[in-house]
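> structure of the sequence below:
(one chain, ligands or ions: 1)
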Amino acid sequence: MQKIIDIIGKEVREAFEAKGYDTKYGVVTLSNRPDLCQYQCNGALAAAKAYKKAPLAIAEEVAQILKMSESFEKIEAAAPGFINIILKNEFLSGYVKQLSPENQFGCEKTQAPKTIVIDYGGANVAKPLHVGHLRPAIIGESIKRIDRFLGHNVIGDVHLGDWGLQIGLIMMKIKLEQPDLVYFQADYQGEYPSEAPFTISELEQIYPAASAYSKENEEFREAAKAATVELQNGNPGYRALWQHILNVSIEDLKKNYDNLLVDFDLWKKESDAQGYIPGMVEYLKQNNYARISEGALVVDVKEETDTKEMPPCMILKSDGGTLYNTTDLATMVERMELFNPDEILYVVDKRQELYFETVFRCAKKTVLVPEETKLTFLGFGTMNGKDGKPFKTRDGGVMRLENLIQNISNAVLDKILENRDMDRKDAEAIAKKVGLAALKYGDLSNQASKDYIFDLERFISFEGNTGPYLLYTIVRIKSIIQKYGKELAAADALQPGKTQSEVDLMLEAAKFNEVIEAAGNEYAPHKICQYLYGLANAFNSFYHENKILAEEDKEKQKSWISLITLIKGILETGIDLLGFEAPERM
Ligand code: ARG
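Here you go, the predicted structure:
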């Protein structure tokens with residue numbers, strides 16, 4: 001469906017043309033003075049320079065034409081050269097009438113779907129999920145849902161870190177405590193046990209202990225490094241133990257991501273890309289993309305226009321070992337081979353930006369990734385505590401994600417039980433949904449690249465720019481519809497708006513397609529947050545101004561029910577794109 005702003009824009013462009021001006025001046029934007037008009041065109045100001053005429057004169061000429069249109073209630077040329085536009089209520093309601101769940105409220109799926117891989121988990125096996133993993137999960141999940149809604153073929157990949165030193169550390173710590181396990185017997189010939197020698201909670205204790213121990217004991221640290229290399233070289237006992245670490249850890253990660261309503265299509269691991277490394281290295285050497293520098297294999301990525309230092313991209317260390325970027329490049333090769341994507345999007349901490357720039361340049365220059373495949377880095381900022389420093393537990397430790405989520409749910413639960421007489425079980429289920437909305441909205445309402453402050457009190461508030469406020473609005477609409485008895489479709493019942501708040505609400509509804517498209521193109525879920533907040537405000541003004549259930553004019557009441565049915569659908573779709581859902585009541 002055409003966007004309403006494009007329909008208006010077309011008329012305005014034609015009016016410019018009719019008066020002998022270039023159509024490019026007929027750009028329409030939302031009004032920045034909603035008290036004066038709904039849409040505006042500032043093109044006369046620019047045209048004035050090109051045609052050496054007074055801007056107001058041009059605006060008046062164009063306005064003359066626009067006044068004849070069926071679409072507009074009021075057209076005004078205003079000094080110094082604005083054209084202010086107010087739509088006819090019939091035109092607006094005619095547009096809004098066409099919005100339905102079937103056509104995704106006017107945001108239809110693209111005719112030209114792209115294949116997009118989104119790399120957005122980044123969790124590391126055997127390390128507990130902590131708040132640092134929250135942002136990629138929340139932002140990546142939302143972008144995945146938005147792109148899919150727009151009709152693209154999206155593949156979300158968790159890209160687990162399972163191939164680094166943490167595995168060596170864990171294995172050597174287990175060995176310290178249980179040296180007799182078969183995994184550590186070099187000459188062991190039998191089958192390895194199918195049961196893991198640890199539970200998830202034991203495993204989660206092992207890593208921090210091993211990591212701390214490695215800092216004070218150099219011998220242990222060296223042993224862990226050696227064990228990591230041996231694992232990578234295929235030591236069967238280590239491989240078997242590593243497999244247990246993976247299984248136990250992945251099961252737990254899945255549970256955690258499930259709780260967050262974060263769902264990956266692929267559970268790929270860094271280790272899965274290792275098989276692509278030898279062929280890739282061969283290719284880079286054969287085609288003279290790589291050179292040897294002090295024993296290491298590197299690809300130069302510096303460009304003439306660079307003003308900053310761009311170190312070469314190292315492919316192999318002088319001892320032949322591979323690096324984080326070797327794995328990332330090999331993963332690109334793997335993704336090209338498996339999916340041939342049009343785009344690979346990385347949702348990763350913005351502190352890795354230079355790293356990714358180096359890797360992207362290397363991939364493009366060596367054509368490991370072809371020219372036409374877009375590589376995008378979406379860097380996110382840090383979630384800080386109220387002191388402005390990275391979020392920590394009260395005693396200064398790293399906050400586990402599970403605990404953070406639990407804290408939020410508990411705070412919401414207290415609030416619900418304080419204010420409502422409700423069965424505790426029901427209240428708990430509601431608190432879980434509301435808590436998740438608070439957490440996700442608190443995060444997504446900020447531009448991804450910015451740092452933000454985790455403010456529990458504010459995030460869980462039922463008023464203001466928060467997730468719970470959106471849920472509260474949805475629940476309010478559900479309750480009105482329930483009392484009325486049924487939902488109605490706008491196509492069947494919507495009438496032109498009669499009051500200001502009704503018209504404002506329709507204007508908001510009409511913008512949905514434009515906002516979602518922009519959010520997709522700009523990787524900007526915060527635009528959806530902004531929009532939904534405005535929509536919820538518009539609904540609440542409408543609700544306070546009109547007594548929907550007591551209305552005696554039945555046609556008018558039907559129109560209103562159809563309007564709020566539509567608004568409910570848009571709000572529910574919107575929060576789904578953000579990655580959370582509303583309870584039935586709260
Ligand atoms: N596991 C990494 C970390 O904890 C993040 C992975 C990001 N994705 C990637 N393709 N490198 O820092």
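> in terms of helices and strands, where is the residue located most distally from the centre of the chain?
Residue farthest from the centre of the chain, counting by Cα atoms, centre = their mean, is D187 at 49.5 Å. Of the helices and strands defined by DSSP states H and E, none includes D187.
> do the same with I567
In the assignment (DSSP H and E), I567 maps to helix 554-578.
> which other helices and strands contact that helix?
Counting contacts by 3 or more Cβ pairs under 8 Å, 6 or more residues apart in numbering; DSSP states H and E, helix 554-578 packs against helix 134-149, helix 424-444, helix 467-484, helix 490-493, helix 500-510, helix 512-521, helix 525-545. Just so you know, the C-beta spots here come from the backbone N, C-alpha and C atoms, and that holds for glycine as well.
> repeat the analysis, applying 6 Å as the threshold.
Applying 3 or more Cβ pairs under 6 Å, 6 or more residues apart in numbering; DSSP states H and E, we find helix 554-578 packed against helix 134-149, helix 467-484, helix 490-493, helix 525-545.
> what about the residue farthest from the centre of the chain, distance to G237?
10 Å (Cβ to Cβ, to the nearest Å).
> go ahead and confirm I83 touches E61.
No: here I83 does not reach E61: they are 10.2 Å apart, not a contact under Cβ atoms under 6 Å.
> which one of these two is surrounded by more residues?
Between I83 and E61, counted using other Cβ atoms under 10 Å, the more crowded position is I83 (26 against 18).
> please name the bridge partners of the closest residue to that one other than its chain neighbours.
Distance criterion Cβ to Cβ, 6 or more residues apart in numbering; nearest residue to I83, sequence neighbours excluded, is C41 at 4.3 Å. Beta bridges link C41 to V28, I83 when assigned by DSSP bridges.
> quick one: C41 from L261, how far?
Taken as Cβ to Cβ, the span from C41 to L261 is 42 Å.
> which one's more surrounded, these two?
C41 (28 against 18).
> how about the contacts made by that one?
For C41, the contact set (Cβ atoms under 6 Å, 6 or more residues apart in numbering) comprises V12, V28, I83.
> how about 7 Å then?
V12, G26, V27, V28, I83 (Cβ atoms under 7 Å, 6 or more residues apart in numbering).
> tell me which two of those sit farthest apart.
The most widely separated members of those are V27 and I83, with 10.6 Å between them, by Cβ to Cβ.
> could you confirm Y346 falls within a strand?
Yes: counting by DSSP: H, G, I helix; E, B strand; the rest coil, Y346 falls inside a strand.
> which residues sit in contact with it?
The neighbours of Y346, taking Cβ under 7 Å, 6+ apart as the test, are D119, F356, T376, F377, L378.
> tell me the most packed of the residues you listed, by neighbour count.
That'd be D119 among those, by other Cβ under 10 Å, with 25 neighbours.
> measure that one to K215 for me?
For D119, the distance to K215 (Cβ to Cβ) stands at 30 Å.
> and for I8?
Distance from I8 to K215, counting by Cβ to Cβ: 64 Å.
> the more surrounded of the two?
Using other Cβ under 10 Å as the criterion, I8 and K215 rank with I8 on top: 23 against 9.
> what residues does the stretch 351-500 of the chain put near the ligand?
Counting by Cβ under 6 Å from any ligand atom, no residue of the stretch 351-500 of the chain lies close to the ligand.
> quick one, strands of the chain?
Ranges of strands in the chain, per DSSP state E, are 28-30, 39-41, 72-78, 82-87, 115-119, 153-157, 291-293, 296-299, 313-316, 343-349, 374-380, 383-384, 452-453.
> got a markdown table for those strands, with distance to D492 and mean pLDDT too?
Formatted as a markdown table, the strands of the chain follow (distance: least, Cβ to Cβ, whole Å; pLDDT from 0 to 100):
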| stretch | distance to D492 | mean pLDDT |
| --- | --- | --- |
| strand 28-30 | 29 | 96 |
| strand 39-41 | 28 | 97 |
| strand 72-78 | 25 | 97 |
| strand 82-87 | 22 | 98 |
| strand 115-119 | 37 | 98 |
| strand 153-157 | 34 | 98 |
| strand 291-293 | 70 | 95 |
| strand 296-299 | 63 | 97 |
| strand 313-316 | 60 | 96 |
| strand 343-349 | 40 | 98 |
| strand 374-380 | 42 | 98 |
| strand 383-384 | 46 | 93 |
| strand 452-453 | 43 | 95 |
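> which residue ranges of the stretch 101-250 of the chain form helices?
134-149, 165-177, 200-216, 218-233, 236-259 (DSSP state H, counting those that start in this stretch).
> please name the residues that touch the residue of the stretch 201-350 of the chain at minimum distance from the ligand.
Across the stretch 201-350 of the chain, the shortest distance to the ligand (Cβ to the nearest ligand atom) belongs to V348, at 4.5 Å. By Cβ under 7 Å, 6+ apart, the contact set of V348 is G122, P136, F356, F377, G379.
> the ligand contacts on the stretch 201-350 of the chain?
Proximity of the stretch 201-350 of the chain to the ligand (Cβ under 6 Å from any ligand atom) is limited to residues D328, Y346, V348.
> related to what we said a few turns ago, with distance to L368 added, can I get the strands of the chain in TSV?
Listed next are the strands of the chain as TSV, based on distance: least, Cβ to Cβ, whole Å:
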stretch	distance to L368
strand 28-30	42
strand 39-41	47
strand 72-78	54
strand 82-87	51
strand 115-119	15
strand 153-157	17
strand 291-293	16
strand 296-299	10
strand 313-316	11
strand 343-349	12
strand 374-380	11
strand 383-384	34
strand 452-453	35
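> to D265, which of the ones you listed lies closest?
Taking these one by one with Cβ to Cβ, strand 153-157 is closest: 4.9 Å.
> okay, angle between that closest one and strand 115-119 too, please.
If you take axes from the mean of the first three to the mean of the last three Cα atoms, to 10 degrees, strand 153-157 sits at 20 degrees to strand 115-119.
> contacting residues around strand 153-157?
By Cβ under 7 Å, 6+ apart, the surrounding residues in contact with strand 153-157 are 113-120, 140, 144, 147-148, 264-266, 268, 339.
> just the buried ones among the residues you listed, please.
115-120, 140, 144, 147-148, 264, 266, 268, 339 (16 or more other Cβ atoms under 10 Å).
> just the closest of these to the ligand, please.
Top of the list for closeness to the ligand, among the buried ones among the contacts of strand 153-157 and by Cβ to the nearest ligand atom, is D119 at 4.8 Å.
> now do the contacts for the closest one.
Here D119 is in contact with D157, H159, I344, L345, Y346, V347 (Cβ under 7 Å, 6+ apart).
> now compare these and name the two farthest from each other.
Between any two of the contacts of D119 (Cβ to Cβ), the greatest distance is 11.8 Å, for H159 and L345.
> neighbour-wise, which of these two wins?
H159 (28 against 23).
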